[in-house]
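A.B. asks: have a look at this fold, sequence not included:
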């Protein structure tokens, strides 16, 4: 049943029927929760099996739409939850064995297992460079140490309950993750008043729901002016301009080409993002790199709104081609005109329609996430908080 | 005297013992010879021989072509533990401190050596903090980890190559500088992954380190162009990324590397090209240089084809400091780090 569900989701991802990082992230978490809930292996049941399972499904999901980094992020978040639960339950069981006075030997084993596990969870750091890290480097090996599996074997009567508790806690963790993903937009909007001041001119491009929430929250207390660039070839800026006008914001709609000219009188640029990379670079709808450069030229703060589920531990090795999606050229050139071009023997017009721009970290002034405002140079700390280093490469 | 007390199992703390401990805690104020005078006879003898051999050990390991300076230092310090007759962790720490001072004296300006010694001493302190009731068990553990350090170092090099090779793109041109084992192994790995790229090496006057790198890369079939050190700005427009090693990575996230790295980084920045640094994490040093004068000054001899007038000054410092604003990313065995992440790692270790 879980398999069918995953297959269905993969097909939808491939056909781009599920798009947008919020929807994808939520759906990924739901599917993984289902997969874990449906998993019924006989006890003794280990976290490493669960990790392998999630990794396998995760790889398939990522392959279905490699440009949607939110899938990989959620998979890694779920893996991190499992690893964390594994450590807490291991230290739990170690404490339990200690209480059982009749077995003196295994108690030591239990402690060794829990400490061994903890080092396995630790990120490789300078401070534990010289500490022994036996399992960490072997790819694909079980995360549990030998000592752990031994102690698990000895604890057979208890393992049923322990494994049930592990699974239960993991599912609880995923539920929390889903709630977090669903609520990120309002948490970001709450911070709007700190950043938008009276009578400021805010420039934006394109449309995102987070952006609309952010601006409408600011509108409740402040009166400001909005300049919206249309965001060709999607032209979703038109929609945003309309929505802002309905809210009573004084709105100016401009073409993308007018962004630079307009920048001189703008106080702040606020935009939504598709993904944030590990170095603080941003993948955003096409056209935003240009806006970021214009903002830099005029020393205008360039603020990016993004939920924490968009934070990816991947580095942009080749962002222009590997992480970009190319859409139908109909948005750039009408079909009739394209066919004219194709007919003529003189030559062809190439009409690439890339969906994303990569914005390097030095052009970003601030990230506003559901966890607060952060500098691009701080992104690495956030990543260390939410992901386990062994999951960076799936 | 102190040794005899400990050997008899009488844990007596005397003024003399305390002054010794204080001595070792603030060694830079005193010359080693002054320190030796204040020690009692038999103690000086054992220490003297130990110190002698620490430097010999270091020289022996340093002679191995594949070992980094920090690894050689840690090997030598491990040998000190093996020889040590100390019966307390405190005593062992004091001996190790003496030995590492001796090593640092040997190569005063080596940042990598100092960083390696500091890292190992820190590890010793942390280990003694654990509940090792038996000193021998503690010692054994230290020796075991110290001996495995060369493996850690080799593994670190592999990890760096792996994380760094992803950044090498098909068809790109890489400018490198100096000679670095990590950089060479990274480029070799990228080439073995079937990527086609070319490398530009500045010759690296006066010791020709760039030529050495060029030779190693050519041997595995990577196309290399050798240029003069003065040609860096000329080639920069066709370079896609700068990749170099580091002798030390300092707390600001900047690097200390052989002379010329700074100017290459500045030129790369002017051209908006990324500058990547490949360095093992044990090269992270607790230094915060603000400018070039904050580095240990260590001029190297340089020859000129023309005879120079006698009153002309020649200056050839061996290394320079590149500030973090000129660097893009650091490839380390802890993963890919932004320069600002370096201080984080150091604080975690030394706090």
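C.D. replies: Now that the structure is in, tell me what you want to look at. Owing to the predicted nature of the structure, the values given are computational and were not obtained by experimental measurement. Residues are numbered from 1 along each chain as shown, chains lettered A, B, ... in the order given.
A.B. asks: residues in the stretch 201-350 of chain A within reach of chain B, list them.
C.D. replies: Contacts of the stretch 201-350 of chain A with chain B, taken as Cβ under 8 Å from any Cβ of the partner chain, map to A:278-280, A:315, A:317-318. C-beta: built from backbone N, CA, C; applies to glycine.
A.B. asks: any of these buried? List them.
C.D. replies: Listed as buried from those are A:278-280, A:315; burial here means 16 or more other Cβ atoms under 10 Å in any protein chain shown.
A.B. asks: and residue A:269, that's in a strand?
C.D. replies: Yes: applying DSSP: H, G, I helix; E, B strand; the rest coil, one finds residue A:269 inside a strand.
A.B. asks: any idea how far it is from chain B?
C.D. replies: Counting by Cβ to the nearest Cβ, to the nearest Å, the separation of residue A:269 from chain B is 21 Å.
A.B. asks: do the same with residue A:236
C.D. replies: 31 Å.
A.B. asks: just to revisit the earlier point, which ones among the residues of the stretch 201-350 of chain A next to chain B are found in strands?
C.D. replies: Using DSSP state E, no member of those falls within strands.
A.B. asks: any low-confidence regions in the stretch 151-300 of chain B?
C.D. replies: Across the stretch 151-300 of chain B, nothing is flagged by pLDDT under 70.
A.B. asks: ok, which stretches of it are helices?
C.D. replies: Under the criterion DSSP state H, counting those that start in this stretch, helices of the stretch 151-300 of chain B are mapped to B:181-192, B:209-219, B:232-236, B:261-270.
A.B. asks: ok, now the stretch 51-200 of chain A?
C.D. replies: Using DSSP H, counting those that start in this stretch, helices in the stretch 51-200 of chain A cover A:69-99, A:105-121, A:146-154, A:156-189, A:192-195.
A.B. asks: weakest of those by average pLDDT?
C.D. replies: Among those, helix A:105-121 carries the lowest mean pLDDT, at a mean of 41.
A.B. asks: quick check: closest non-adjacent residue to the spatially most central residue of chain B.
C.D. replies: The residue lying closest to the centre of chain B (Cα atoms, centre = their mean) is residue B:112, at 1.6 Å. With Cβ to Cβ, 6 or more residues apart in numbering or on different chains as the criterion, residue B:112 has its nearest non-adjacent residue at 4.5 Å, and that residue is residue B:69.
A.B. asks: I figured that neighbour hits residue B:114, correct?
C.D. replies: No: here residue B:69 lies out of contact with residue B:114, judged by Cβ atoms under 8 Å, at a distance of 9.6 Å.
A.B. asks: contact residues of chain B facing chain A?
C.D. replies: Neighbours of chain A within chain B, by Cβ under 8 Å from any Cβ: B:119-120, B:123, B:145, B:149, B:152, B:155, B:159, B:166-167, B:169, B:281-282, B:284, B:328-329, B:333-338, B:340-341, B:344-346, B:348-349.
A.B. asks: just to revisit the earlier point, and the buried ones among the residues of the stretch 201-350 of chain A next to chain B, which two are the farthest apart?
C.D. replies: A:280 and A:315 (10.5 Å; Cβ to Cβ).
A.B. asks: closest residue of the stretch 151-300 of chain A to chain B?
C.D. replies: residue A:279 (6.1 Å; Cβ to the nearest Cβ).
A.B. asks: would you mind splitting chain A into its domains for me?
C.D. replies: If you go by the TED database, the domain ranges for chain A are A:1-93+A:161-177, A:196-386.
A.B. asks: buried set for stretch B:119-139?
C.D. replies: B:119-124, B:127-128, B:132, B:135, B:138-139.
A.B. asks: give me the neighbour count for residue B:282.
C.D. replies: 27 (other Cβ atoms under 10 Å in any protein chain shown).
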